[in-house]
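>>> need a 3D model of the sequence below.
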Amino acid sequence: MTHPKRPQKPQQSRKGAPPFSAADFPALRSFLRGYLHQDMKDEYGSAVEAAREFCRDADAEERTAVAREWSKFLDQTKSQPQDQVNRILTGQLGSSYSLTPDDLAQITAILSIQQNPD
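Below is the predicted model:
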């Protein structure tokens, strides 16, 4: 007898932090899985260069969606330590690489231009 698959409950990120659900970040998850994959260093050299390449490859709608979700992700994780942020990125969101605070800042700058092109 098979049991129907239960929907995945949002995971509690850490004590006191609101639950985090990858389902709320489909565009960001697609970006991370598509660009920050296991061959990223060979293909792009760095996470920052992978983000730049994404911006060259993606259409305006995709860039805007990723920029919005990136901003939302950072807002939801701003009070969490870097290792917890990376656990979410490499776990639920599918990145193959942990990011440094400098990577986060540079990717934020790259994507913020996409969200506010003027």
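
>>> Ala58: what's it in contact with?
Going by Cβ atoms under 8 Å, 6 or more residues apart in numbering, Ala58 touches Val66. To be clear about C-beta, it is placed using only N, CA and C from the backbone, and glycine gets the same treatment.

>>> any idea how far Ser71 is from it?
16 Å (Cβ to Cβ, to the nearest Å).

>>> for Met40, same thing?
From Met40 over to Ser71 the distance is 22 Å, taken as Cβ to Cβ.

>>> Gly34 now?
19 Å.

>>> what does Pro81 give?
20 Å.

>>> looking at Met40 and Ser71, which is more packed in?
Met40 (20 against 15; other Cβ atoms under 10 Å).

>>> what sits against the residue nearest the centre of the chain?
Nearest to the geometric centre of the chain sits Leu28, at 4.6 Å (Cα atoms, centre = their mean). By Cβ under 8 Å, 6+ apart, Leu28 lies in contact with Val66, Glu69, Trp70, Phe73, Leu93.

>>> again, only this time at 10 Å
By Cβ atoms under 10 Å, 6 or more residues apart in numbering, the residues touching Leu28 are 22, 65-73, 89, 93-95, 111.
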